[in-house]
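Asker: got a predicted structure plus its sequence, pasted below:
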Amino acid sequence: MSTPSKISPTTLAKLAKLGIHHRADLLLHLPLRYEDETHLTPIADAQLGMTVQVQGVITHSEVMFRPRRSLVCRLMEGHEELTLRFLNFYPSQQKQLAVGKQIRAIGEVRMGYFGLEMVHPKCRAADDDTPLQQSLTPIYPTTAGLAQPVLRKLINNALETIPLTDTLPAPLLKKLKLADFGDSLRLLHNPEADVSATELEEHNHAAWRRIKFDELLAQQLSMRVHHRERSKRIAPALPPHQKLTAALLKKLPFKLTSAQQKVWKEIAHDLALAHPMQRLLLGDVGSGKTIVAALAALQAIENGYQVAFMAPTEILAEQHYLKLSEWLVPLGITPVWLSGSLKKKDKTAAAERIATGDTLLAIGTHALFQASVEFNRLGLVIVDEQHKFGVQQRLELRNKGKTETNTLLPPSRGKAGMGVESLSTQASTPSLTLPDGTTSQSTKPASGQVAGYLHGGGNIHEPHQLMMSATPIPRTLAMSYYADLDVSVIDELPPGRTPIVTKLVSDARRDEVFERVRAACLAGRQAYWVCPLIEESDALEVELQNAIETHQQLTEALPELKVGLAHGRLPSAEKAAVMAAFKAGELHLLVATTVIEVGVDVPNASLMVIDHAERMGLAQLHQLRGRVGRGAAESMCVLLFMQPLSELARERLKVIYENTDGFVIAQQDLQLRGPGELLGARQSGVAMLRFADLTEDEDLLEQARLSADELLRNAPDVARAHLHRWMANKHDFLQV
Ligand code: ADP
Ligand code: MG
């Protein structure tokens, strides 16, 4: 393979910005759109809205100052004329467009002051002998200072020099009616004049289908390989002894629902195996995941192993701490509490108890997994609302469990604190960052890793992981991003819940909502009033201000009620005190920012008002609504919205009004927002699919899934070659 002609360091830096680190990356840097310079359109035929290439003579060229400084030229062909307008221009352009010059211009035809015009057309000197382009001209995603022709040249060079042999066998391609890989790439980069630009741009063309299929297949393969590799890794076997777990079940004031029993059985079975469990426990808000987590914790504790129970916010972690203390202290298990806001002295004391193994259950925020906390015998990690955590935190967590006995971490994995970015750019070890934050070295594990395990004499293990989420995962996501996890679903709510009535109320009728709150509270119930999170740079200030003002407004409007306020800026002791007072029934109404979004459990609260509901996402609305309807009383959720509503906001409110099933809501959410946001990928840095679109390519995903299975079973070499092309093609450096 020939090395490319020297690329300057500046260009390399620009390419890196585009995610192009290796020559092979150029192949998959695909055009955003195309310009058609393969034929000329007579000016007479150029119509409004069309993007066309025309040719003619400049008959007029003038800098005008009204309505703003611009260069205005007339282009004439026969008797037909077209105006060309440039708002920013260089003297060189003025020269190029001087009267008498013959040029070709390509651009969209619009209506201007002087009839049809093109604004900022791309122009070049040309006469009748200038040849036309043979293929559509690709326009690539690029970055400032990296011109299209430079990118085009680099890409074409890569296309010519890198072998594009197909990784997939012909019978498979035939069966799935897929195009050849090399043909597809060549076509996408340089489509013939007669290929439909629309099909290309909308990613419907057969060439696009092939690329999308390949991408999905690689994803499926790596997930599958990762899943298999897990069965080679070692975890402590934690078989059920039915002592502590049975004791807890006996003391509970309720019976597990059959859905809870089913998932508990699945988890208990996994824990007993000597391979790390990686199970996602899905259950709608209020379905009772906490008790299942407590049982899992007890099974580990029964075996003398430690458990770390982590939640994304202090409030939620604290709820778990209180709930689990209530359940477990009578059984002789006293959890230790660890959060970032503890005083240094208390933190050190907690870390000490964790390190000595004095405590078997640690509950807290991700402070639990900071470098200064070392576990003695960590057997199980439980993560609540796992989608709220970024990849990095989950990565730290897995490493944490290992450091316990394994000081020989594989060289490619740092201790806690290593950034996700550094993983993905660590090109020397072909690695793939998976959505659960682990790194798959699927094709061949780095030798350091193997040595590390062996050196420990088989004594090295990692903890089991139980991840919980109330954000249901639509089928397509479950099939792709979570394909390496085992999933348990709690698909029924505990009995005795009355359905929640949802009302949509315009802010103009705010007073009526006040009355409703008054009536509910005077009848002995409690209510939440949620102020929205504001997604701007000064978000916290505005949000705080909002909450304080709303609190004041409600206190004045409802003098006979006791109204509390909880927001993200309160010191955690105060926040906890307000929550405790609300829980104890000492407050009628709790005004809160979305800090209560996850996990708050106050069965007597039966009314939820969500202010500015139009600003909130579907998952958030669903979670908030789930805070009520936990007791026997009829519950209501009032969504207060401000007019006018955007199209998206209207759509979202309609979905939440019409549906109560979290799975249906998540599916709609996926359609409205796309998978990136649903996964919280923005903060987590999950490598998203670049080409395939899970909302549109479900059929391809299904085919990729089946093919991945088949290839791994019957043609592992093909699977390896395919993974290599898509995931591990990282040794062909641009620089060398
Ligand atoms: P989530 O799944 O949202 O975390 P929780 O674990 O907080 O739900 O449970 C919600 C409420 O339901 C709690 O008050 C819990 O004690 C109660 N609960 C859980 N399981 C049952 C059950 N089988 N029967 C009755 N109540 C239950
Ligand atoms: Mg919960």
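Answerer: Structure's in. What do you need? Ligands and ions are numbered 1, 2, ... in the order given.
Asker: need the three-state assignment for residue 324.
Answerer: Here residue 324 is helix, with the state taken from DSSP: H, G, I helix; E, B strand; the rest coil.
Asker: how about the residues of the stretch 151-300 of the chain near ligand 1?
Answerer: With Cβ under 6 Å from any ligand atom as the criterion, the stretch 151-300 of the chain meets ligand 1 at residues 254-257, 260, 283, 285-291. The C-beta positions use only the backbone N, C-alpha and C, and glycine is treated the same way.
Asker: which one (most neighbours) among those?
Answerer: residue 289 (25 neighbours; other Cβ atoms under 10 Å).
Asker: if I pick that residue, what's in contact with it?
Answerer: 281, 283, 384, 468, 470, 490 (Cβ atoms under 8 Å, 6 or more residues apart in numbering).
Asker: return the closest of these with respect to residue 316.
Answerer: The nearest member of the contacts of residue 289 to residue 316, counting by Cβ to Cβ, is residue 384 at 6.6 Å.
Asker: residue ranges with poor pLDDT in the stretch 201-350 of the chain?
Answerer: Within the stretch 201-350 of the chain, no range satisfies pLDDT under 70.
Asker: mind listing the helices in it by residue range?
Answerer: With helices called from DSSP state H, counting those that start in this stretch, the stretch 201-350 of the chain shows them at 206-230, 244-251, 258-271, 289-302, 314-328, 344-356.
Asker: what's the most buried one of these?
Answerer: helix 289-302 (a mean of 24; mean count of other Cβ atoms under 10 Å).
Asker: and the helices of the stretch 201-350 of the chain as TSV, adding distance to residue 627?
Answerer: Formatted as TSV, the helices of the stretch 201-350 of the chain follow (distance: least, Cβ to Cβ, whole Å):
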stretch	distance to residue 627
helix 206-230	34
helix 244-251	25
helix 258-271	20
helix 289-302	14
helix 314-328	12
helix 344-356	29
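Asker: which one of those helices lies closest to residue 134?
Answerer: Proximity to residue 134, assessed across the helices of the stretch 201-350 of the chain by Cβ to Cβ, is greatest for helix 206-230 (17.3 Å).
Asker: can you tell me which helices and strands that closest one packs against?
Answerer: Under the contact definition 3 or more Cβ pairs under 8 Å, 6 or more residues apart in numbering; DSSP states H and E, helix 206-230 sits against helix 181-189, helix 197-201, strand 439-440, helix 698-714, helix 716-727.
Asker: next one: the fourth one to chain centre, how far?
Answerer: If I follow you right, that is helix 698-714. 23 Å (Cα atoms, centre = their mean, to the nearest Å).
Asker: return the set of buried residues in that helix.
Answerer: Using 16 or more other Cβ atoms under 10 Å as the test for burial, helix 698-714 gives 698, 700-701, 703-705, 707-708, 711-712.
Asker: partner strands of the lengthiest strand in the chain, with direction?
Answerer: In terms of residue count, the longest strand belonging to the chain (DSSP state E) is strand 51-64. Looking at strand 51-64 with DSSP bridges, its partner strands are strand 70-77 (antiparallel), strand 102-112 (antiparallel).
Asker: deepest-packed of those strands, please.
Answerer: Using mean count of other Cβ under 10 Å, strand 70-77 ranks as the most buried of those, with a mean of 20.
Asker: contacting residues around that strand?
Answerer: Here strand 70-77 makes contact (Cβ under 8 Å, 6+ apart) with 42-44, 54-64, 81-87, 89, 93-94, 97, 103, 105, 114.
Asker: what's the answer for stretch 632-645, then?
Answerer: Here stretch 632-645 has contacts from 496-508, 510, 513, 516, 520, 525, 604, 606-614, 621, 624-625, 628-629, 649, 653, 656-657, using Cβ under 8 Å, 6+ apart.
Asker: how long is it from one end to the other?
Answerer: Start-to-end span of stretch 632-645 (Cα to Cα, to the nearest Å) is 34 Å.
Asker: and what of stretch 639-656?
Answerer: One end of stretch 639-656 sits 10 Å from the other (Cα to Cα).
Asker: now do stretch 192-200
Answerer: 11 Å.
Asker: show me what counts as buried in it.
Answerer: 195, 197, 200.
Asker: let's have the residues you listed in JSON lines, adding distance to residue 217 and pLDDT.
Answerer: Formatted as JSON lines, the buried residues of stretch 192-200 follow (distance: Cβ to Cβ, whole Å; pLDDT from 0 to 100):
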{"residue": "195", "distance to residue 217": "24", "pLDDT": "85"}
{"residue": "197", "distance to residue 217": "27", "pLDDT": "78"}
{"residue": "200", "distance to residue 217": "21", "pLDDT": "87"}
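Asker: quick one on the thing from earlier: least confident of the helices and strands packed on helix 206-230, on average?
Answerer: Mean pLDDT values for these show the minimum at strand 439-440, a mean of 36.
Asker: all strands for the stretch 501-650 of the chain, in order.
Answerer: 526-530, 563-566, 589-592, 605-610, 635-641 (DSSP state E, counting those that start in this stretch).
Asker: so for residue 152, which of the ones you listed sits nearest?
Answerer: Per Cβ to Cβ, nearest to residue 152 of these: strand 635-641, 48.8 Å.
Asker: could I get the average pLDDT for that closest one?
Answerer: Strand 635-641 comes out at a mean pLDDT of 94.
Asker: now the angle from it to strand 526-530?
Answerer: Angle, strand 635-641 to strand 526-530, by axes from the mean of the first three to the mean of the last three Cα atoms, to 10 degrees: 20 degrees.
Asker: partner strands of strand 635-641, parallel or antiparallel?
Answerer: Paired strands of strand 635-641, with direction, are strand 500-506 (parallel), strand 605-610 (parallel) (DSSP bridges).
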